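Participant: I would like the atomic coordinates for the input below:
(one chain, ligands or ions: 1)
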Amino acid sequence: AVDKLARRFTHNREKAGEYGRESALSPAEGAHADTPDLIAASTVSEANRGDKTGSRAGSGDSPGSASLDRVRTDAQGQRLTTNQGVAIADNQNSLKAGMRGPALLKDFILREKITHFDHERIPERIVHARGSGAHGFFEAYDSLRAITRAAPFARAGKITPVFVRFSTVAGERGSKDTARDVRGFAVKFYTDEGNWDLVGNNIPVFFIQDAMKFPDLVHAVKPEPHHAMPQAASAHDTFWDFVSLMPESTHMLMWVMSDRAIPRSYRMMQGFGVHTFRLVNEDGEATLCKFHWAPKLGTHSLTWDEAVKISGCDPDYHRRDLWEAIESGAYPEYELSVQLFSEAQAAKFSFDVLDSTKIVPEELVPLTPVGRLVLNRNPDNFFAETEQVAFCAAHVVPGIDFTNDPLLAGRIHSYVDTQLSRLGGPNFHEIPINAPVAPVQNNQRDGLHRQAIHRGRVAYEPNSLGGGCPFQAGAAGFVSFPEPVRADELRAKPEKFAEHYNQATLFYASQSPIEKAHIIAAFRFELSKVMVPAIRARVVSMLANVAPDLAAGVADGLGIKVPDAMPRAIARTPRAEVKQSPTLSLLARPGELGIQTRKIAVLVAPGVEAVSLRKVGDRLVAAGATVRLVGPRVGPIALSDGSVVEAEASLENEPSVLFDALVLPDGEAAVARLASDGRVAEYIKDQYRHCKPILVVGASRSLLEGIGASTVLADGSEDAGIVLATSKELPDAVERFVEAIAAHRHWQRETDRPLV
Ligand code: HDD
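Facilitator: Below is the predicted model of the structure:
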């Protein structure tokens with residue numbers, strides 16, 4: 001029923017500990033909880049006693065599926081205490097000498113509370129400070145034993161618990177989600193042979209080839225040091241100054257200026273391990289490998305105008321989207337694939353697989369799907385889990401090894417090092433979210449905040465007093481792949497690293513016309529924010545090596561002539577094997593789940609025609625969409641038949657950029673009310689401009705006409721994203737609308753500059 005539409009819950013009602021029992025939400029004035037009985041006083045609520053791997057994990061599949069439960073606590077039925085467990089009688093007043101007298105130093109309760117508060121913050125991550133996490137599991141499709149002994153791939157159907165954190169890179173912890181930026185895609189596998197962290201991004205290449213340049217890159221993109229601006233943006237002089245002097249960044253810039261840098265959702269973007277890794281089997285044989293994650297919902301993006309507006313009305317857009325999807329049971333899912341190739345194959349490529357500014361095109365090495373990742377549980381506490389989780393590119397397990405990628409080498413050092421200041425000492429691996437489910441035994445001791453109580457007097461190896469334990473595992477442990485090394489020490493790069501443009505050209509050539517137009521517009525925008533003309537021109541001279549129409553388009557947008565192409569670093573450019581790679585276009589992955597979890601706004605006002613509203617709403621909900629009734633204000637709205645619905649959102653509290661599609665309802669009175677509100681025109685204009693589907697029922701056609709929107713495209717064909725219908729034509733029209741939403745955006749409508 002339509003009045004239930006608005007009730008697609010976005011929080012998990014089973015989580016009693018978090019949201020309170022019904023009665024607890026409205027305690028009587030001055031009421032205090034009863035003294036708890038001791039059995040009920042367990043600090044872990046039944047409702048929160050979840051299985052880290054979700055219901056899919058069969059018992060025994062993972063040794064640590066409930067490992068966080070020992071530290072999950074909630075206050076249901078509990079007394080308020082100090083950190084020493086002393087019950088607190090009064091949490092309102094400090095201890096004073098007389099009603100109007102001075103506060104007393106001996107008030108240990110006040111002092112403990114304030115002292116703890118004073119130290120609540122920890123340093124944010126130096127990059128990727130803004131992020132959101134979720135628990136889930138990885139399930140292997142088949143045994144990969146022939147190729148790797150890595151635990152998660154040991155047998156078909158094996159489940160490994162994971163924690164995933166998505167992030168932006170440049171912005172601070174409280175910055176907006178929809179900045180133009182790379183997204184982090186970091187996965188911690190709690191395998192039964194130790195933790196494996198696949199710390200990747202949503203873009204398969206990187207700006208630089210050598211970790212030596214990472215601090216320079218980050219200093220260039222972060223807010224400029226003198227005035228700390230701009231926040232979460234690469235559109236400023238220092239970034240473009242640096243990258244235009246580092247032509248190896250050209251390929252990555254193509255990706256970052258593409259729509260991939262403004263994803264619609266963390267649930268709708270790919271992930272990549274970026275580097276070439278090595279998989280090693282039980283016989284010690286190695287295969288080179290690239291890791292790819294692909295979302296079940298397909299790859300979809302925002303438009304730039306939309307991203308800018310969302311950052312104002314919901315800076316938590318991606319965080320909320322991920323949270324709500326998981327709470328409502330629509331678990332995000334990604335398929336893991338690998339590209340497997342040998343050293344001999346790699347040696348023949350026109351590029352070097354140790355160079356992180358290069359992909360291995362799928363035309364050269366196809367993808368092999370190996371498993372799926374499902375995110376099925378939100379964290380219980382953002383700080384304890386998402387903030388304190390420490391990913392590290394050096395965390396590998398037997399069966400997975402590094403290659404000599406010089407960017408990876410620096411990462412192997414950097415991640416543990418940074419946690420020492422961020423998490424305050426060398427024992428951060430004992431923080432519950434970081435602790436492996438595999439047993440930890442070694443002779444490392446002490447340090448700040450040590451949790452483990454090591455027994456016995458032996459903390460060295462070899463020993464006889466401890467019976468030789470813990471003992472070396474030999475071949476059962478991690479054995480580094482014995483790559484032969486025979487070379488001079490030097491600071492230099494292989495010849496192939498000096499070719500910077502072939503794959504930038506490949507990427508650009510593989511985009512659809514609209515994606516190319518967006519790339520040009522993104523360069524135009526970013527460079528228009530650069531104040532020094534020489535930097536603008538230098539970037540365009542780089543682009544002249546990528547594609548002439550790209551350079552011309554950007555130069556035109558800046559009102560300058562295309563300068564001479566930047567000199568290349570090598571005399572003879574190697575011939576690229578692949579000139580076109582269709583899977584590099586976002587449009588290559590439309591997704592397989594229709595309109596599931598898509599957010600649809602239905603405008604309502606008093607007098608909305610009730611029958612058609614119900615029909616549309618019921619069909620959209622049945623297809624898995626999240627439908628919101630958006631009124632001039634929130635609260636009850638009377639329909640044409642006298643029944644009443646609840647508008648959950650209003651024109652001002654959920655602007656139209658937050659929705660994937662829009663329904664304009666039938667009903668003369670309602671349409672007249674909506675037409676009298678200037679915000680309605682803005683609402684429809686944004687939907688139209690951002691190429692989103694609009695269902696226009698009956699009388700509301702005048703609202704569409706009112707914004708000057710056309711239902712016919714420039715080539716004379718009908719705009720499939722605008723579905724016009726009378727209330728009678730509805731069943732068919734709604735089906736067309738559902739198809740139009742599943743197609744995401746109707747780019748054919750887009751014009752640069754917008755006509756509406
Ligand atoms: Fe990094 C965080 C991904 C290069 C140094 N990085 C960090 C995160 C992701 C990546 C997803 C956030 C993890 C989380 O959610 O906590 N980084 C990458 C990728 C790279 C890359 C895909 C290139 C292929 N990173 C890179 C280099 C260095 C670092 C070359 C240093 C030499 N990265 C760090 C760091 C961070 C980090 C400073 C900040 C916070 C943290 O590690 O825990 O150590």
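Participant: confidence score at the residue of the stretch 151-300 of the chain found nearest the ligand?
Facilitator: Distances between the stretch 151-300 of the chain and the ligand by C-beta to the nearest ligand atom are smallest at Gly184, namely 2.7 Å. For every residue, glycine as well, the C-beta is placed using N, CA and C. What the model reports as pLDDT for Gly184 is 98.
Participant: what bridges to the residue nearest to Arg319 when sequence neighbours are not counted?
Facilitator: Setting aside the residues directly before and after it, Arg319 is nearest to Ser132 in space (C-beta to C-beta, 6 or more residues apart in numbering), at 4.2 Å. Using DSSP bridges, the bridge partners assigned to Ser132 are Phe166.
Participant: what's the per-residue pLDDT of the residue nearest to Asn545 when sequence neighbours are not counted here?
Facilitator: Nearest non-adjacent residue to Asn545, counting by C-beta to C-beta, 6+ apart: Tyr501, 4.4 Å away. On pLDDT, Tyr501 comes in at 98.
Participant: quick one: residues contacting Tyr501.
Facilitator: Applying C-beta atoms under 8 Å, 6 or more residues apart in numbering to Tyr501 gives the contacts Pro247, Thr250, His251, Asn545, Val546, Arg568, Thr573.
Participant: ok, then the element right after the helix or strand bottoming out on mean pLDDT in the chain?
Facilitator: Across the helices and strands of the chain, mean pLDDT, DSSP states H and E gives its lowest value to helix 16-19, namely a mean of 43. Downstream of helix 16-19, the first helix or strand assigned by DSSP states H and E is helix 108-118.
Participant: next one: that next one to chain centre, how far?
Facilitator: Chain-centre distance of helix 108-118: 36 Å, with C-alpha atoms, centre = their mean, to the nearest Å.
Participant: that helix - contacts with which helices or strands?
Facilitator: For helix 108-118, not one helix or strand is in contact under the criterion 3 or more C-beta pairs under 8 Å, 6 or more residues apart in numbering; DSSP states H and E.
Participant: buried residues of that helix, list them for me.
Facilitator: Across helix 108-118, burial judged by 16 or more other C-beta atoms under 10 Å covers Ile109, Lys113.
Participant: did I read that right, Ala134 in a helix?
Facilitator: No. With DSSP: H, G, I helix; E, B strand; the rest coil as the criterion, Ala134 is strand rather than part of a helix.
Participant: which residues sit in contact with it?
Facilitator: So Ala134 contacts Phe163, Val164, Leu322, Ile326, Pro332, Leu375, Asn376, Arg377, Asn378, Pro379 (C-beta under 8 Å, 6+ apart).
Participant: now with 7 Å, please.
Facilitator: Val164, Leu322, Ile326, Leu375, Arg377, Asn378 (C-beta atoms under 7 Å, 6 or more residues apart in numbering).
Participant: could you do Arg679 as well?
Facilitator: Leu651.
Participant: that one: which element?
Facilitator: helix 678-689.
Participant: residues of this structure that sit close to the ligand?
Facilitator: 125-128, 131, 165, 167, 184, 186, 199-201, 206, 211, 214, 274-275, 356, 390-391, 407, 410-411, 414-415, 418 (C-beta under 6 Å from any ligand atom).
Participant: from these, which land in strands?
Facilitator: Gly131, Arg165, Ser167, Gly184, Ala186, Val199, Gly200, Asn201 (DSSP state E).
Participant: once you drop chain neighbours, what's closest to Val256?
Facilitator: For Val256, the closest residue by C-beta to C-beta, 6+ apart turns out to be Val182, at 6.3 Å.
Participant: again with Ala509
Facilitator: Nearest one to Ala509, counting by C-beta to C-beta, 6+ apart, is Gln580 at 5.7 Å.
Participant: equivalent analysis for Gln451, please.
Facilitator: Using C-beta to C-beta, 6+ apart, the nearest residue to Gln451 is Glu430, at 4.3 Å.
Participant: neighbours around the one you found, how many?
Facilitator: When counting by other C-beta atoms under 10 Å, one arrives at 15 neighbours for Glu430.
Participant: now that we have the residues of the chain next to the ligand, which of them are buried?
Facilitator: Using 16+ other C-beta under 10 Å, the buried members of those are 125, 127-128, 131, 165, 167, 184, 186, 199-201, 206, 211, 214, 274-275, 356, 390-391, 407, 410-411, 414-415, 418.
Participant: next, count neighbours for the closest residue to Val578 other than its chain neighbours.
Facilitator: Leaving aside its sequence neighbours, Val578 sits nearest to Pro361 (C-beta to C-beta, 6+ apart; 4.2 Å). Counted with other C-beta under 10 Å, residues neighbouring Pro361 total 22.
Participant: measure the residue of the stretch 501-650 of the chain found nearest the ligand to His690 for me?
Facilitator: Going by C-beta to the nearest ligand atom, the ligand is nearest to Gln503 of the stretch 501-650 of the chain, at 15.2 Å. When distance is defined by C-beta to C-beta, to the nearest Å, Gln503 is 30 Å away from His690.
Participant: which one of the two has more residues nearby?
Facilitator: Neighbour count, other C-beta under 10 Å: between Gln503 and His690, Gln503 has more, with 26 against 23.
Participant: just the C-alphas of whichever strand or helix holds the more buried one, formatted as CSV.
Facilitator: Taking DSSP H and E as the criterion, Gln503 maps to helix 502-509. This file holds the C-alpha atoms of helix 502-509, laid out as CSV (Å, rounded to 0.1, in the frame of the first residue of the first chain):
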residue,chain,number,x,y,z
ASN,A,502,50.0,4.7,-25.3
GLN,A,503,47.6,3.6,-22.6
ALA,A,504,46.2,7.1,-22.0
THR,A,505,45.3,7.0,-25.7
LEU,A,506,43.8,3.5,-25.3
PHE,A,507,41.6,4.7,-22.5
TYR,A,508,40.4,7.7,-24.3
ALA,A,509,39.8,5.8,-27.5
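Participant: contacts for that helix, please.
Facilitator: Contacts of helix 502-509 (C-beta under 7 Å, 6+ apart): 250-251, 254-255, 350-351, 358-359, 361, 516, 519, 546-547, 550, 573, 576, 578-581, 584.
Participant: if I pick the residue nearest to Val578, what's in contact with it?
Facilitator: Leu506, Val578, Ser581.
Participant: confidence score at the first one?
Facilitator: So that's Leu506. pLDDT at Leu506 comes out at 98.
Participant: pull the number of nearby residues for it.
Facilitator: Leu506 - counted by other C-beta under 10 Å - has 23 other residues nearby.
Participant: so where is this protein shaky, pLDDT-wise?
Facilitator: 1-66 (pLDDT under 70).
Participant: can you confirm Ala699 is in a strand?
Facilitator: No. Ala699 is assigned helix when assessed by three-state DSSP, not a strand.
Participant: for the spatially closest residue to it that is not a sequence neighbour, helix, strand, or coil?
Facilitator: Residue nearest to Ala699 in three dimensions, not counting chain neighbours: Val671, with 4.4 Å by C-beta to C-beta, 6+ apart. Here Val671 is recorded as helix under three-state DSSP.
Participant: what of Tyr334?
Facilitator: Tyr334 - assigned by three-state DSSP - is strand.
Participant: now it: how far from Gly399?
Facilitator: In terms of C-beta to C-beta, Tyr334 sits 21 Å off from Gly399.
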